[in-house]
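Colleague: fold the following and give me the result.
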Amino acid sequence: MVSWARARVLAHGAARPLPARTVPLRDAAGLTLADALPTLRPLPGFDTAAMDGYAVSGTGPWRVRAAVRAGAPWAGVLGAAECVEISTGAEVPAGAMAVLPLESAVTTDDGLVSGPVPPPGRHVRRTGEDAPAGRRLAPAGTGIGPALLGLAASCGHDTLPVRPRPRVGVLVTGDELDHAGVPGPGRVRDALGPLLPALVAELGGETEEVRYVPDRPHGRLAGAVRAVRGADVVVVTGSTSVGATDQLRRLLADAGARMLVDTVACRPGHPMLLAELAPDRWVVGLPGNPYAALVAARTLLGPLIAGLSGRALGPLPHVPVHGRARPAPGLTRLVPVAWDGPRATIADGHRAAFLQGAAVGDALAAIPPDWTDGAPAPLVLTAG
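Modeller: All right, here's what the predicted structure looks like:
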């Protein structure tokens, strides 16, 4: 077994980022920058009025030469004691030293404008004040959200170089699963079929398909893995232990797969595994119990998808964790928590097959073996 923290690092470091592609801005949301984002021109691109008012030259009173609006520059040059009426966002004309806010200006009967003389540069955003041309505003590996899309557009970009979403195929194993309604006697309702595609999307991947594979007869799982075409990652649930119906380790050994992680020193979810089945084709094995599978996916699948997407494996926040939990000797115990400001509180309902705590919590706390109530622990965020 490897430690829980080490398993996350191994899963992230094993992945090679997927080849970059260029997409229009409208298709880039949720993806990852493959290259740094540069400015194509200074920001702002011209001296800009930061207030409605008058762009003035010299001391007043000032004679109004023109009205200047955003998108309609004035080509003249202001002389001493001259001004233009100006709107926020309009280009400040040559010769202007500052903008006198509208609420500070007084118009006299003879059409002149008077008011306190603003200091040079007041209420003017100068060319390149935010960023000069060519500056890198976001590094490669940055997740693309609304603000970055707006920033890219303001820089003049129509497209972005991105890493595509890793494609994930999901195989849910088990002879005991019902897929609709209340399960019958001796049966359980499938939770992982609905859970995993949503989790894959949250982690930055894209689910290609979900298939159900019976435990018996033997050999069906190998065929199902081979049948998943075009996926970068195949997730297999419920076949990672060493029982009579657990086929995954045997399948991987027969296929000559390279095992990266083979069980993790944590509870729940310790039978999880990660293997490279072929170059750039990965298999993640998750336990069949829903909460254990969720823990295992957060441990291995999340970092693997981040690595394939070219994203860094960022540090986890450490906060005091309060509540009742029984540390596991020699193991990291993952418990759902509600995170409220400086502290996290353990949520009820987190047995291996029960998802209540995870459903209402904000994070998973990785409690070390020597944890006591109120001691700090790292958090894997799961909400927001």
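Colleague: pull the residues that contact stretch 98-110.
Modeller: 49-56, 61, 83, 86, 92, 113-116, 118-124 (Cβ atoms under 8 Å, 6 or more residues apart in numbering). Using the backbone N, CA and C atoms, a C-beta is placed for each residue, glycine as well.
Colleague: in strands, which of those fall?
Modeller: 49, 53, 54, 55, 56, 83, 86, 113, 114, 124 (DSSP state E).
Colleague: so which residues of the stretch 201-350 of the chain form helices?
Modeller: 220-227, 248-254, 290-296, 302-308 (DSSP state H, counting those that start in this stretch).
Colleague: from what I can see residue 247 touches residue 241, true?
Modeller: No: counting by Cβ atoms under 8 Å, residue 241 is not a contact partner of residue 247; they are 10.5 Å apart.
Colleague: higher neighbour count, those two?
Modeller: residue 247 (23 against 16; other Cβ atoms under 10 Å).
Colleague: related to what we said a few turns ago, buried members of the contacts of stretch 98-110 into PyMOL, please.
Modeller: To isolate the buried ones among the contacts of stretch 98-110 in PyMOL, judged by 16 or more other Cβ atoms under 10 Å, type:
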select buried, resi 49+51+52+53+54+55+56+61+83+86+92+113+115+118+123+124
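Colleague: among the helices of the stretch 201-350 of the chain, which is nearest residue 270?
Modeller: Nearest of those to residue 270, taken as Cβ to Cβ: helix 290-296 at 8.3 Å.
Colleague: looking only at pLDDT, what's the mean for the closest one?
Modeller: Averaging pLDDT along helix 290-296 yields 95.
Colleague: what about the residue in the chain sticking out farthest from the centre, distance to residue 68?
Modeller: Going by Cα atoms, centre = their mean, the residue of the chain most distant from its centre is residue 110, 59.7 Å out. Applying Cβ to Cβ, to the nearest Å, the value for residue 110 to residue 68 is 22 Å.
Colleague: again with residue 80
Modeller: With distances taken as Cβ to Cβ, residue 80 is found 18 Å from residue 68.
Colleague: give me the more crowded residue out of the two.
Modeller: residue 68 (22 against 10).
Colleague: can I assume the more buried one sits in a helix?
Modeller: No: with DSSP: H, G, I helix; E, B strand; the rest coil as the criterion, residue 68 is assigned strand and is not in a helix.
Colleague: show me what it is bridged to.
Modeller: Residue 68 has the following beta-bridge partners by DSSP bridges: residue 86.
Colleague: quickly find the element holding residue 7.
Modeller: helix 4-14 (DSSP states H and E).
Colleague: residues in contact with that helix?
Modeller: Contacts of helix 4-14 (Cβ under 8 Å, 6+ apart): 2, 260-261, 264-266, 272, 274, 276, 282, 299-304, 306-307, 313, 332, 334, 366, 378.
Colleague: pull out the buried members of those residues.
Modeller: 2, 260-261, 264-266, 272, 274, 276, 282, 299-304, 306-307, 332, 334, 366, 378.
Colleague: show me where the stretch 51-200 of the chain has strands.
Modeller: 53-57, 62-68, 82-86, 98-101, 106-107, 112-114, 124-125, 136-138, 159-163, 167-173, 177-178, 188-189 (DSSP state E, counting those that start in this stretch).
Colleague: for residue 17, which of those strands is the nearest?
Modeller: Nearest of the strands of the stretch 51-200 of the chain to residue 17, taken as Cβ to Cβ: strand 159-163 at 5.6 Å.
Colleague: ok, and the closest non-adjacent residue to residue 7?
Modeller: Take residue 7 and drop its neighbours on the chain: the residue closest to it by Cβ to Cβ, 6 or more residues apart in numbering is residue 264, 4.5 Å away.
Colleague: tell me the spacing between residue 363 and residue 369.
Modeller: 20 Å.
Colleague: ugh, typo on my part, it should be residue 97
Modeller: Residue 97 is 68 Å from residue 369, by Cβ to Cβ.
Colleague: so between these two, which is more surrounded?
Modeller: residue 97 (18 against 12).
Colleague: show me what contacts that one?
Modeller: 56, 57, 58, 118, 120, 121.
Colleague: widest-spaced pair of those?
Modeller: Maximum distance among these (Cβ to Cβ): 14.6 Å, for 58 and 121.
Colleague: which residues does the closest residue to residue 197 other than its chain neighbours bridge with?
Modeller: Nearest residue to residue 197, sequence neighbours excluded (Cβ to Cβ, 6+ apart): residue 207, at 4.1 Å. Taking DSSP bridges as the rule, residue 207 bridges to residue 168.
Colleague: who's in contact with residue 207?
Modeller: 168, 169, 170, 196, 197, 200, 201.
Colleague: closest to residue 147 out of these?
Modeller: residue 201 (20.5 Å).
Colleague: thinking again about what came up before, among the contacts of helix 4-14, which ones are in strands?
Modeller: 2, 260-261, 264-266, 274, 276, 282, 332, 334, 366, 378.
Colleague: quick check: closest non-adjacent residue to the residue nearest in space to the middle of the chain.
Modeller: Central residue check for the chain by Cα atoms, centre = their mean: the C-alpha nearest the mean position is that of residue 143, 5.4 Å away. In space, and not counting its chain neighbours, residue 143 is closest to residue 32: 5.8 Å by Cβ to Cβ, 6+ apart.
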